[in-house]
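Chemist: After the sequence you'll find the predicted model.
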Amino acid sequence: HISQGPVCTNLGLKPGQRLTVKGKVAPNAKSFVMNLGKDATLLGLHFNPRFDAHGDVNTIVCNSKKVEEWGAEHREAVFPFQKGGTAEITFAVNQNDVTVHLPGHQFTFPNRLNLSVFDYFDTQGDFTLQSISWE
């Protein structure tokens with residue numbers, strides 16, 4: 001059972017803008033998810049830190065989803081999250097990709113769906129959203 005956190009729509013994030021998410025990781029966390037896209041069916045960035053899930057341990061898996069079709073998984077070996085800890089993640093939207101800012105690390109993920117605006121954001125799994133801000 002994956003717990004669904006808050007869902008945001010009509011964010012209107014465009015290139016040059018950023019979304020900062022703060023929250024708490026569950027003490028017994030297996031994984032959590034943040035989705036950024038046009039709506040629930042068109043996800044430009046599926047961000048999935050896995051403590052121990054689907055055969056991955058302490059790995060961040062990113063992907064994109066077009067309706068029911070997933071893209072190729074992208075894995076980041078850096079894993080700055082701790083069970084029971086707090087997490088702050090910033091998603092900076094650029095023209096052709098999204099830069100994900102983590103504590104002490106950043107990486108980019110291509111805008112495979114060529115979304116001109118990111119309206120949709122949700123969180124799922126072992127993460128409690130405490131604040132969300134965008135600029």
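Modeler: Looks like it came in fine. Numbering: from 1, shown residues only.

Chemist: going forward, measure contacts between C-alpha atoms and count neighbours the same way
Modeler: Will do.

Chemist: Sketch out the low-pLDDT regions of the chain for me.
Modeler: Across the chain, residues meeting the criterion (pLDDT under 70) sit at 1-2.

Chemist: where exactly do the strands run in it?
Modeler: Taking DSSP state E as the criterion, the chain carries its strands at 4-8, 18-25, 32-37, 42-53, 56-66, 69-70, 74-76, 86-93, 97-102, 105-110, 120-125, 127-134.

Chemist: what's across from Val21 in the sheet?
Modeler: Beta-bridge partners for Val21, by DSSP bridges, are Ile89, Ile132.

Chemist: Wait, it touches Glu135, no?
Modeler: No. Look at Val21 against Glu135 with Cα atoms under 8 Å: they stay out of range, at 12.0 Å.

Chemist: Neighbour count for those two, which is higher?
Modeler: Neighbours per residue, other Cα atoms under 10 Å: of Val21 and Glu135, the larger number sits with Val21, 18 against 10.

Chemist: winner for burial among the strands of the chain?
Modeler: For the strands of the chain, the largest average neighbour count (mean count of other Cα atoms under 10 Å) is found in strand 32-37, namely a mean of 23.

Chemist: other SSEs contacting it?
Modeler: Other elements packing on strand 32-37 under the criterion 3 or more Cα pairs under 8 Å, 6 or more residues apart in numbering; DSSP states H and E are strand 42-53, strand 120-125.

Chemist: Quick one: the ones you listed as TSV, columns for distance to Gln106 too.
Modeler: Converted to TSV, the helices and strands packed on strand 32-37 look like this (distance: least, Cα to Cα, whole Å):
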stretch	distance to Gln106
strand 42-53	13
strand 120-125	20
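
Chemist: Any idea which of those gets closest to Ala87?
Modeler: Closest of those to Ala87 is strand 42-53, at 11.1 Å (criterion: Cα to Cα).
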